[in-house]
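In: here's my sequence, what's the structure:
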Amino acid sequence: MRTVKNIFDYLDTLAPIGLKMSFDNVGILAGSENASVKKCLLALDITDDVIDEAVLIGADLIVSHHPLIFHELKSIVAEDLVGRKIIKLIKNDISAVCMHTNLDITQGGVNDALMRALGGCVSGFLEPCGMDADGAPVGCGRIGELPESVDLQSFLAICKNKLLVNGLRYHNAGRPVKKLAVMGGSGGDCIALAESLGCDTYVTADIKYNGFLDAKELGINLIDADHFCTENVVISILHEKLSAEFDDVDFSISSVHCQTAQFY
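Out: Have a look, this model is predicted:
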């Protein structure tokens, strides 16, 4: 019998909890570590729809990237967005494991998956984040290179197709794409850093107005490829690794959770 703790312990080897950022909340966030797991649903977020899907397929566990509980909870009530999810999970004997910034930072995690999806080869990290348990430097985001230069319009098509994003916001600095920086999710604070490291193009998400102004003045191509789409690339990798490690557990990827933002 596999338990929630068995799966969490394995995930901890892939994305050690010690790598998480100080503000983060990761680990077993709902349920019991001793609960048995026969079916597990993987999703970037634990939304109401994802929980309903888990109930429908008879899942015992949801593994997500974004934490179910992020801020301090003072009550768990059905009228609260988070509270009602926790209540529904507990009523249906479903546990929740969340791996967030540790999965962003770890080798083979979100940012490596993003660079690979875009056809780049990783050469280093973008933003330093301290040291791992062995004293080696670690960081968030990745720097890499494409096998050969492409014009920005061609690269935009690659981003849209590989990340399955329904729209891109971008600034064209008039430079071909070769040396690339990526950061899954909100990476607007690292535009100048990407340019200072010699990157001609930066792919991330949640870019504010001033971010596009900065990109124009710095002369770097900037692509906002949606928070969901730049991070969801890791879910299929988790599915592959977990399925190989636990052949007696049925792992599936959410079929209902997708990009929320739409473009008119």
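In: residue contacts, Met183?
Out: Taking CB atoms under 8 Å, 6 or more residues apart in numbering, we find Met183 in contact with Asn111, Leu114, Leu126, Glu127, Cys140, Gly141, Arg142, Cys190, Tyr202, Val203, Thr204, Thr230. Every C-beta, even on glycine, is put in place using the N, C-alpha and C of the backbone.
In: could I get the buried residue list for the helix or strand hosting Leu238?
Out: Element membership of Leu238, judged by DSSP states H and E, is helix 233-245. By 16 or more other CB atoms under 10 Å, the buried positions in helix 233-245 come out as Val233, Val234, Ile235, Ile237, Leu238, His239, Lys241, Leu242, Glu245.
In: for those, give me a markdown table that also has pLDDT and distance to Asp226.
Out: As requested, the buried residues of helix 233-245 are exported to a markdown table (pLDDT from 0 to 100; distance: CB to CB, whole Å):
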| residue | pLDDT | distance to Asp226 |
| --- | --- | --- |
| Val233 | 98 | 11 |
| Val234 | 98 | 14 |
| Ile235 | 98 | 14 |
| Ile237 | 97 | 18 |
| Leu238 | 98 | 19 |
| His239 | 98 | 21 |
| Lys241 | 98 | 24 |
| Leu242 | 98 | 25 |
| Glu245 | 98 | 30 |
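In: out of the residues you listed, which is nearest to Met131?
Out: For the buried residues of helix 233-245, the minimum distance to Met131 (CB to CB) is 22.6 Å, reached by Val234.
In: how about the strands in this structure?
Out: Remark: strands assigned in the chain by DSSP state E are 27-30, 39-43, 61-64, 95-98, 121-131, 137-150, 169-171, 177-186, 201-205, 221-224, 250-253.
In: any idea how far the longest one is from the middle of the chain?
Out: The gap between where strand 137-150 is centred and where its chain is centred comes out at 17 Å by CA atoms, centre = their mean, to the nearest Å.
In: so what strands line up beside it?
Out: Strand 137-150 has the following sheet partners, assigned by DSSP bridges: strand 121-131 (antiparallel), strand 177-186 (antiparallel).
In: any idea of the mean pLDDT in it?
Out: The average of the pLDDT scores along strand 137-150 is 97.
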